[in-house]
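**Student:** The amino acid sequence is not available; the structure is as follows:
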């Protein structure tokens, strides 16, 4: 959603059952439509934010996946997160870093074994983990590869490819699981990281090509893609060289690619937007115009040490940064996302990647996930026109549902407290009830209020969801 500046507001327009004149925000909106560097000047200028036409080709997508869970992980006594995942609206679970289950090293341990022999496989632990995903009502996003602790050199590529086909056959078996729950199969994880791929670049390209062709031939209805590139695939010259080489190799061999997956860990929401643009442009330039863009790992970047900022993982700051990134992914048409990750392995590691602590308590980013889920329940996205824009960085997404309930996700990813005000003349024959849900540094739970005056402050690093109901 690019925010267009206008000098004069347009005439009122019909929005479903509601005639909406305008929404006034006393705030600071970014000069690029998202965020800008000077957040001190023009602090309280009124900004007119007018909902435009529907964007039928740009719906709000349910980017509501996570890596790992819901079964307990790590220390004994850690929580099962099935109920928590359901409550915040998790829809998809990527099967990476269970540290054994659903790793090829566990399922097909002997690379020289006969892939056609059922005795060559050990599905016991993997089936238990897969069952917990299915029984919780979540969609599995099957990663074919190994977790951090299970990585091994591929010594028999032909056998690995044949085994990968049998593993997908096992987890796509409706008679075994009650239905065919599988839709996406991701080949590998971070091959541009020397830890996850122990061979040459050309060897990986060859393995991926063989696997993609074999899987697509065996399962034409499934989406086959990968390879889950590290953030360096966009952020470094060496990584970009790997990305270009991968896509050029796939193009030269005419390899089908239903989706292209990549990762991003950053405290700058712009990195998510710029990476999505970079990968989309490369896909299109190589003829993969119909290939979906998936971000199969994403989170803040946290580094231990005396200057570490724990708030990016345990506070409202991280929730705001990731909410701004989630909006950016929506704007760029990313088709699927899996946050890394759902569960923490230990209460002694509170700044780990999880959106829940090991005992099942949500971190602020887990609370924000619940707001994203509510936003995704209003999938009909609006265009926005912004006039009188000041120079700060509120990030806003607007949409509605079939019942003409309007939703606005408003994020302040800066250290400056702002304020905004909504001015909504009562629609003919109807009135609006406005509720606000907020995640701020002042609370470890969602604060809910009714906006009697359609106005509110938004503190630093705060995420708000406003629902306007007829």
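**Tutor:** Structure's in. What do you need? Not measured: the values here are computed from a predicted model. Numbering: from 1, shown residues only.
**Student:** Pairing partners for the strand or helix carrying residue 465, with directions?
**Tutor:** Assigned by DSSP states H and E, residue 465 falls within strand 462-469. Under the criterion DSSP bridges, strand 462-469 sits next to strand 406-412 (antiparallel), strand 433-439 (antiparallel) in its sheet.
**Student:** Can I get those strands in JSON lines including mean pLDDT, distance to residue 91 and mean neighbour count?
**Tutor:** All C-beta atoms are positioned from the backbone trio N, CA, C, and that covers glycine. Listed next are the strands paired with strand 462-469 as JSON lines, based on pLDDT from 0 to 100; distance: least, Cβ to Cβ, whole Å; neighbours: other Cβ atoms under 10 Å:
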{"stretch": "strand 406-412", "mean pLDDT": "92", "distance to residue 91": "17", "mean neighbour count": "27"}
{"stretch": "strand 433-439", "mean pLDDT": "94", "distance to residue 91": "20", "mean neighbour count": "19"}
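**Student:** Can you tell me the element the most centrally placed residue in the chain falls in?
**Tutor:** The chain has residue 337 as the residue nearest its centroid, 3.3 Å off, counting by Cα atoms, centre = their mean. Using DSSP H and E, residue 337 sits within strand 336-339.
**Student:** contacts for that strand?
**Tutor:** 61, 63-67, 92-94, 141, 184, 259, 292, 294-299, 322, 326, 329, 355, 369 (Cβ atoms under 8 Å, 6 or more residues apart in numbering).
**Student:** any idea which element the residue lying closest to residue 196 once chain neighbours are set aside lies in?
**Tutor:** Closest residue in space to residue 196, ignoring its immediate chain neighbours: residue 190 at 4.3 Å, by Cβ to Cβ, 6 or more residues apart in numbering. Counting by DSSP H and E, there is no helix or strand that carries residue 190.
**Student:** Distance to residue 164 for the strands paired with strand 462-469 - can I get that in TSV?
**Tutor:** Listed next are these as TSV, based on distance: least, Cβ to Cβ, whole Å:
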stretch	distance to residue 164
strand 406-412	39
strand 433-439	41
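**Student:** Residue 400 is nearest to which of those?
**Tutor:** Nearest of the strands paired with strand 462-469 to residue 400, taken as Cβ to Cβ: strand 406-412 at 4.8 Å.
**Student:** immediately after the closest one, which helix or strand?
**Tutor:** With DSSP H and E, the next secondary element past strand 406-412 is strand 418-421.
**Student:** Spell out which strands sit alongside that next one in the sheet and which way each one runs.
**Tutor:** strand 455-458 (antiparallel).
**Student:** Over the partner strand, what's the mean pLDDT, rounded is fine.
**Tutor:** Averaged across strand 455-458, the pLDDT comes to 77.
**Student:** what's the spacing between that strand and its chain's center?
**Tutor:** 27 Å (Cα atoms, centre = their mean, to the nearest Å).
**Student:** How about stretch 151-158?
**Tutor:** Using Cα atoms, centre = their mean, the offset of stretch 151-158 from its chain centre is 30 Å.
**Student:** Would you mind pulling the contact partners of that stretch?
**Tutor:** 105, 111-112, 146, 160, 195-196, 198-199, 203, 206-207, 210.
**Student:** if we go to 10 Å?
**Tutor:** For stretch 151-158, the external contacting residues (Cβ atoms under 10 Å, 6 or more residues apart in numbering) are 103-105, 109-113, 115, 145-146, 160-163, 189-190, 193-199, 203-204, 206-207, 210-211, 214.
**Student:** Buried among the residues you listed? Make that a PyMOL selection.
**Tutor:** Burial among the contacts of stretch 151-158 is assessed by 16 or more other Cβ atoms under 10 Å; the matching PyMOL selection reads:
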select buried, resi 103+104+111+115+145+146+160+161+162+163+189+190+193+196+197+204+207+210+211+214
